[in-house]
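[1] Based on what follows, work out the 3D shape:
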Amino acid sequence: MSALTTELPLLREAEAATRTVAKVVVMAPMPEPLDYLIPDTLHLERGNHVLVPLGHARVRGVVVGFDTRTDENLKLKAVLHRLDDPSVPEAALDFWLWAAGWTLTPPGVFLNGCLRALRVARGQVRQGYVATGQTPQRMTRARERVIETAVLPMGLSDLAMAAAVSTGVVTALEKEGVLEKVDLPAADDYRAPDPDFAPATLNPGQAAAHILLRNEAAKDTFAPVLLDGVTGSGKTEVYLESVADILRERPESQVLILLPEIALTQAVLGRLKARFGVEVAQWHANISNGSRRRIWEGVAAGRIRLVVGARSALFLPFPKLGLIVIDEEHDSSYKQEEGVRYHARDLAVFRARQDGAVIIMASATPSLETLTNAEKGRYAWVRLGERHGTAQLPDIALIDMKAHPPDKGLWLSDPLVGEILDTLQRREQVMLFLNRRGYAPLVLCKACGEKLSAPNTDSWLVEHRASGRLVCHLTGFSMKKPAACPHCGAKDGLTSIGPGVERILEEVEQRFPGVRAEVFSSDTAPDALTSASLIRRIEDGEVDIVIATQAAAKGHNFPNLTLVGIVDADLGLKGGDLRAAERTFQLLAQATGRAGRKVKPGRAVIQTYTPEHPVMQALQHQDREAFYAYESMSREIAKFPPFGRLGAVILQGRDQNQLNRFAHELTLVIPNSPGIDVYGPADAPLALVRGQWRKRFLVRADRNRDLQGFLAHWLTSVKRPSAIRQIVDIDPYNFL
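    All right, here's what the predicted structure looks like:
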C-alpha cells in the first residue's frame, strides 16, 4: 500500500472529528447556554436569533458563542434554522449576559425580557396628522396646542400626548379640515437630532459645570460623574449640552437618558425637542407595541442615536453607548421589584464601563452610594450650588404637631392653614404633599375591630372614596366598599383611619370654598397623557392647590407655585427599612424644592411630630451635609451599603409547613464564609400575599466578598421543592 493511500483515511478521520458547535441561550430557565451542531448549509454569527429543538419542543434562542469539538461520535441536536430578526449587537449581548449573572437570573429568562419587543410583528404603514393651515370654527387652548404641535406629521396618540389633550380633540380637528391624515414614513423611526439646533444659554455656574463634563468626556474612556445641584439649579440644561457634545463629536455613539417617572419623560421630551429640533425616541410602558419594535430595531442598527425612557430602556440593544444620563439618580423607581430584580443605576454604571462611556448621575439629593463614590474620588464630582436665574431656595419651617394639633377629623394645622390663605390671597399656587394614595390607608369595624385586608393577603385595603372602592395597592385586588362589616355583619360600623390625598382634598374643599384643587397621584395621572394634561393645567394656572404624592414631587417646574406644605413628614420614617431616613430626606427635599423655582420667592412648611429628628433638622436648616454625615456613620458602623453589600432571599409557598421545612433545610447548609453574615429565616412583614406564605433571609457581605458566588453556591446545595418559589434580590430596597 502506498504512503498516499495510507494517509487518506487518517485525513478523513481528522476532518470528521472536528465540528463547530453553537452555544445558544434558549428562551427557557436553563442555567447556562446549550450546545447545538451547526448544519453545513447554515452560517451563524454571535447574536443571531435561531430556532432550536429542546426536548419535544422547538424554541427560540440567541447564539452567544462557538466551540470546536473533536468527538466524532458527538451526539448533539442541530440548529433548525436562523430567524430573520435583527442580530443582537455584541456590546448589548455582553451586557445582558453579565446582568443575568449579576442578578442570579437564568440567562434565557433575562434575554427573553430584553427581546420582548421582537415578539410583535412588523407593523403596516402608520398614519398620522399634520396641520393644514386652516383655522377651526371654535378655538380653545387645547385646540391651539394641537395646531402648534402638528407642524410635522405625528401619530394620533403621540400628538395627543405632546399637546396634552385627549385623542378626541385631534380627531375633531381632522373632521373640520384643520388637520390632515397622512402616511407616516415607515423608516424608522426618528430623524437625527441636531446638536447645534438651539444651544442653551448657560449661566456662569452652569457653564463651568459643562466645561468639567466636557473634560471628562474628552478622556474618551469610562467616566462616571455625579452632577450634584440644588433643586432648580438647571442640571437638565447642563447635561443636555453634554448630550449635544457626544452627538456632535462621536458620530458612532448613542445616548441614553434615564428618568424615574413617565410624567418626567413627557416634560423632558418637550425640552429635548426644543433643544435638538426633532421628536426623540421614548421608551416606557405606555408606548405601543409597534413603536416598541421600531425603536428596538432602530437602536440595534444604530439609526436611533438618542433615547429617553424609564429603567427598562437600559436593556435596548445599543451597539455603542457614548453617554448615559441618570436623572434623579437617587430615586427608588430605578429599582425593579417584580420579576428580575435589579437596580438600573448600578447596572448602567457597568454598561458605561464596558463601552468606555460617560455616565452622568444627576440629583439634588444623591444616593449615599453615589455620594460616597464621589467623596472617595471614584466618580468625578460636579456641583451647582445656586438656583438658576434670580430664583432662591425656599425658606423652610417646621410645625410641631404636638404643639399645634389640628381639630379631630382634620389634618392641616392652623399655622399651615394660615400660610395657605396668605398664598391664595397673593394669587399664587400651593402644593400639599402626602405620599399616601386614596382616601384612607385603613378601614376597620368599630364593632369588632376587624381591619379589612385583601383576600389571602396581610395587606390592608385602602379606601378610595372617589371610586367608592377598597383597593390593595400590593396585589391590585379591588372591591366595592361594603355597607356592613364582612366579619361581624355590623351595619354602618366601618370607619376610615388616617388620611390619604383624597381625604386632604376633602378637607381643602371644606376649608377653602371655591378654590380649584386637584389630586396629582398615580391614580389621577396613571399614564403619560393624563399626567401631561394635569401638568399643563397647573402650569396654566387652572389649579390653585395641588394635593400630591411623590408623582409630583420631583422634576416639575410650576412658575407660580410658591408654597409647599408637607402634611405628614414622619410617614416614611416608620418601619425597619435601612434606607428610611435617607429616602425620607430625599423625598421631602425634592418636594419642598418645588416652591419658588422662578421669580417669586418660595416657602415650605413641614408638619411633624418629631421636629428633633436629624432628617427634620437637616431639612429646616438645609444642611444636607450634616444629614449625610449622620447617615453615613450609622451605615458604616453596621457595615451596610455603601460600606457593605446586601442580598435578600425570599421563599414563597402555599403550604406553610413545607415552606418552614425548606427554610430550615437551607439554614442547616449555610456556608461558613468569613465576611458574610446570614440573618433569618424570618416571616416577611407581609407574611401572606395572594395565598402565598413568605419567608426571608438577609445576607450581609463585606465589599470585597463575592456575594453572588456565595448565594449561588448556598442556594443550589439543597433541592428546592417545585411548589416553593425562590426570589433572589441583590441590593434589596423593599423589605416587605
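
[2] Pull the residues that contact stretch 493-503.
    Contact with stretch 493-503 is made by 411, 434, 436-448, 452, 462-466, 481-482, 484-485, 519, 521, 547-549, 567-568, as judged by CB atoms under 8 Å, 6 or more residues apart in numbering. Glycine gets a C-beta too; all of them are placed from N, C-alpha and C.

[3] and with 7 Å instead?
    Identification of contacts with stretch 493-503 by CB atoms under 7 Å, 6 or more residues apart in numbering yields 411, 434, 436-447, 462-466, 485, 519, 521, 547, 549.

[4] Please apply the same query to stretch 644-652.
    Taking CB under 7 Å, 6+ apart as the rule, stretch 644-652 contacts 640, 659, 662-663, 684, 692-703, 707, 711, 715, 724-732.

[5] still on that earlier bit, mark which of the contacts of stretch 493-503 are buried, thanks.
    With burial judged by 16 or more other CB atoms under 10 Å, the buried subset of the contacts of stretch 493-503 is 411, 434, 436-445, 447, 462-465, 485, 519, 521, 547, 549.

[6] Out of the contacts of stretch 644-652, which sit inside helices?
    Among the contacts of stretch 644-652, the residues falling in helices (DSSP state H) are Leu659, Phe662, Ala663, Leu707, Leu711, Leu715.

[7] rewinding a little: please list the members of the buried ones among the contacts of stretch 493-503 that lie in helices.
    Using DSSP H, none of these sit in helices.

[8] these two touch, right, Pro153 and Val182?
    Yes. Assessed by CB atoms under 7 Å, Pro153 is found in contact with Val182 at 5.2 Å.

[9] Settle it for me: which of the two has more neighbours?
    Pro153 (20 against 12; other CB atoms under 10 Å).

[10] Quick one: residues contacting that one.
    Gly128, Tyr129, Val130, Val182, Leu184.

[11] Same question for Glu518.
    Leu534, Val543, Val546.

[12] Pro86 now?
    Glu297, Ala300, Ala301.

[13] That one and Arg303, how far apart?
    11 Å (CB to CB, to the nearest Å).

[14] what's the weakest-modelled helix or strand in the protein?
    helix 3-17 (a mean of 46; mean pLDDT, DSSP states H and E).

[15] after it comes which helix or strand?
    strand 19-26 (DSSP states H and E).

[16] Name the strands paired with that following strand and say parallel or antiparallel.
    strand 34-37 (antiparallel), strand 57-69 (antiparallel) (DSSP bridges).

[17] and those strands, which is most packed in?
    strand 34-37 (a mean of 19; mean count of other CB atoms under 10 Å).

[18] just how off-centre is that one within its chain?
    36 Å (CA atoms, centre = their mean, to the nearest Å).

[19] And stretch 442-459, how far out from the chain middle?
    31 Å.

[20] so how far does that stretch reach from one end to the other?
    Using CA to CA, to the nearest Å, the end-to-end distance of stretch 442-459 comes to 10 Å.

[21] Residues touching it, excluding its own?
    460-461, 463, 470, 472, 474-475, 477, 485, 487-488, 490, 493-498, 686-691.

[22] ok, now with 6 Å
    Stretch 442-459 is contacted by residues 460-461, 463, 472, 474-475, 477, 485, 487-488, 490, 493-498, 686-691 when judged by CB atoms under 6 Å, 6 or more residues apart in numbering.
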